[in-house]
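Visitor: could you look at this predicted model? Sequence included:
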Amino acid sequence: MEGPEEIENAALSIPKRNISSIKNKILRNEAYRKLKMEKRKAQMQERKKRKQEAEEMGEKAPPKKVPKTIENMRVFDETMVNPQDTEVMIDEAQDEMSSYFNRETLPKILITTCDRPCSRTNKFCKELRNSIPNSEIYYRRGLDLKKIIPQALSRDFTDLIVINEDRKEPNGLVMSHLPDGPTAHFKLSSLRLSTEIRRAGDMSQHRPEVILNNFNTRLGHSVGRMLASLFHHDPQFSGRRVVTFHNQRDFIFFRHHRYVFRNSKKVGLKELGPRFTLKLRSLQKGTFDSKFGEYEWVHKRHEMETSRRKFFL
Amino acid sequence: MAAPICNVYVGAETGLLKGIHVQKSNWTNLNSVENADKSKEIVSLSWSDDSETELCVGLKNQTALLCNLTGSQNTNEISFDAGEGKLRNVVKINDKYFTSVEAGSVKCWQGDDVIAQWNAGKDLFVHRHNPKDTTQFVTGGKENELKLWDVERELTPIFTTKNVRNDWLNLRVPVWVTGVVFCRDSDRLISCTGHHQIRVYDPKVQRRPVLDFEFDEYPITALCLHSSDDNLVVVGNTHGKMGTIDVRTGKVVNLFKGFAGGIRDIQCHASEPIVASCGLDRYLRVHDLNTRALLHKFYLKSRLNCIVLSKNWELKNIEDDDCKLIGGNVTVKNELTSDGEDDVWDQLKTVSTKTKRKHQTEDLAEKKRSKIQRKETDKKVSDSESKTSKKQKQTKKKKINS
């Protein structure tokens, strides 16, 4: 009854045998290798073809597709700061960090730790002191932070940094701007000291340049301003030192480099100081007061983390 | 220029007064942005009279702005020499102004003259007038017990509260009043403290609180009476936690969600089941008091200090909401009644769209065709089978015979 053509069609429509159903391991591996090769070939051909087409079409070629990432699919945030927004500008011009940005105060930083810090925390503090100019380390001596703050104020410190640790590993950073706040509490993670970085360079005494990336929301602006106010206004460009605070998906990456001009076109980077990651836990108005202070922003894990594509900084 | 119609007014830390039309979801700054100054921070907001045509805005630098919201949008500025420190509150009652400052002096002004003056004690945090009887007001603060004053009596308060008994370690419990409300149908006072307590005082019974309980573990900064129920209060703390609390039992009835920063002020609407709150996270949020759903939120760009709601809320979406609710009920009923499977299939049919129907009809036609074909082939097969079976039988018989 059925013609030969129909039989052929039926043969074509039968799907290929699934490789995983081959019982013999050697055969199966061979089959898999072949399949993989075929796929790769097809892919390469496709890519070649697309490239050729794009070359032929010249300017008319369709634009290259941008891969979808979590960052570029970010949930719309209405607090994103528009640089022309006068209200935000005026608000920022009168905030607590404004005296630094008006060049009225010079940054002077006090670095301290939790009580009885372990050696790693101490080393980290020393490296932090080297990377932030005009900063001093004081031993905590079991003092309350609320008692340290008036003392620091009387000695004209403008910022207070406290490194906290857990199980001999630094894991928290409290940064308080003096004299009247704000205070930021960060989670500190993936710390690498300069001794642990391969081929790390030696630090110089020059004042570094500061790069702040992607602090775009209103909250990000305040945090960025706080971080910027740790460093001197005028970097010494001859030192070619750069400190970077790069924000990506709410994680702030701290990197410290020296750049080298290899020739007129090439620039090289040498990593210097510590390398660590910060994540904002809370931003509090006023100097450190975790009990009675008013919080401007608190990260509430389950309430706020509704989407992987929602970011706050 | 006519004033923009708004039903919520919010005072910001930058000295900007913001008018919001919640239903239209738009907002404007009522004073010019260029002149924003933190020394003119808005610390208090209230209506000058019951007609709600004029707002009395208290600024940090001891001045009051009277904003006329009808027709000509003019503002009068009155500066007071209210005393030392930051201004806490300005209230206009029958052409008299009551001012209070952080250092504790409360003054009553008529024109430029001080008519009366009270010393309410250091570190004043609260100064609030009784909405039922405006001759009474209450003050309180840090290490400053709650005091109820009469406008007529200057020297001594009518009622002074007494601190609660020492705790189980026999230590004195610190005092820090951060907010007070007057109950509507009784003389009771409800206060909240910086040590996260909520206390109910009854001047007729005793000086110590009648009820005392705690909410969360951070200072309570805002307090408001529930719009319909006198036994419920809405409180908010510095950590951005807001909830309604039953004053009889001290239990949390509702918790509202969506806050990122500390809450500065909460206002419940007089007639609608709606609560508006603002704070350091620069958002104005409007929640439903009963369902605790977040109805609206506005990013207002500055840290916000105080709210005032107007009485005519004009909720247009009430009908829509009702419809939705009724619809939801109906579907639930359907689910409950439909026990048999047939009903479910009936429902599915009605749901299907046109395109699907086409598809279905095609499928059906194909099925019919295939059925017919199958029947035909079956017949043939059965015929042939019957023949073969006959043959087999015959052979069997033969075998048996042989």
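Guide: Cool, got the structure. Numbers count the residues shown, from 1 in each chain, chains lettered A, B, ... in the order given.

Visitor: how about the residues of the stretch 51-200 of chain A by chain B?
Guide: A:E78, A:T79, A:D85, A:T86, A:E87, A:V88, A:I90, A:D91, A:Q94 (C-beta under 8 Å from any C-beta of the partner chain). (Each C-beta comes from the backbone N, C-alpha and C, glycine too.)

Visitor: who's in contact with the third one?
Guide: If I follow you right, that is A:D85. By C-beta atoms under 8 Å, 6 or more residues apart in numbering or on different chains, the residues touching A:D85 are B:K301.

Visitor: can you list the residues of the stretch 1-150 of chain B near chain A?
Guide: Taking C-beta under 8 Å from any C-beta as the criterion, the neighbours of chain A within the stretch 1-150 of chain B are B:T14, B:L16, B:N29, B:V33, B:E34, B:A36, B:D37, B:K38.

Visitor: helix or strand: which one has A:D77?
Guide: A:D77 is part of no helix or strand when elements are defined by DSSP states H and E.

Visitor: chain neighbours aside, what residue packs nearest to it?
Guide: Excluding the flanking residues, the one nearest A:D77 by C-beta to C-beta, 6 or more residues apart in numbering or on different chains is A:T217, at 5.6 Å.

Visitor: you'd agree that neighbour is up against A:K310?
Guide: No - under the criterion of C-beta atoms under 8 Å, A:T217 lies out of contact with A:K310, with a separation of 11.0 Å.

Visitor: the two - which one has more neighbours?
Guide: A:T217 (19 against 15; other C-beta atoms under 10 Å in any protein chain shown).

Visitor: where does the prediction get shaky in the stretch 201-350 of chain B?
Guide: Counting by pLDDT under 70, the stretch 201-350 of chain B shows low-confidence ranges at B:315-350.

Visitor: hmm, try it at 90
Guide: B:227-230, B:270-272, B:310-350 (pLDDT under 90).

Visitor: sorry, back to before: hmm, which of the residues of the stretch 51-200 of chain A next to chain B are the buried ones?
Guide: In those, burial by neighbour count holds for A:T79, A:E87, A:V88, A:I90, A:D91, counting by 16 or more other C-beta atoms under 10 Å in any protein chain shown.

Visitor: per-residue pLDDT of the first one, please?
Guide: In other words, A:T79. Model confidence at A:T79, given as pLDDT, is 90.

Visitor: and A:S119, how many neighbours?
Guide: 8.

Visitor: what about it, distance to B:P157?
Guide: A:S119 sits 61 Å away from B:P157, taking C-beta to C-beta, to the nearest Å as the criterion.

Visitor: what about the helices in the stretch 1-150 of chain A?
Guide: Taking DSSP state H, counting those that start in this stretch as the criterion, the stretch 1-150 of chain A carries its helices at A:4-13, A:25-57, A:86-93, A:98-101, A:119-131, A:145-154.

Visitor: ok, and for the longest one, which residues are buried?
Guide: Within helix A:25-57, the residues that count as buried by 16+ other C-beta under 10 Å are A:A31.

Visitor: gap between it and the chain center?
Guide: For helix A:25-57, the distance from its own C-alpha centre to the chain's C-alpha centre is 37 Å (C-alpha atoms, centre = their mean, to the nearest Å).
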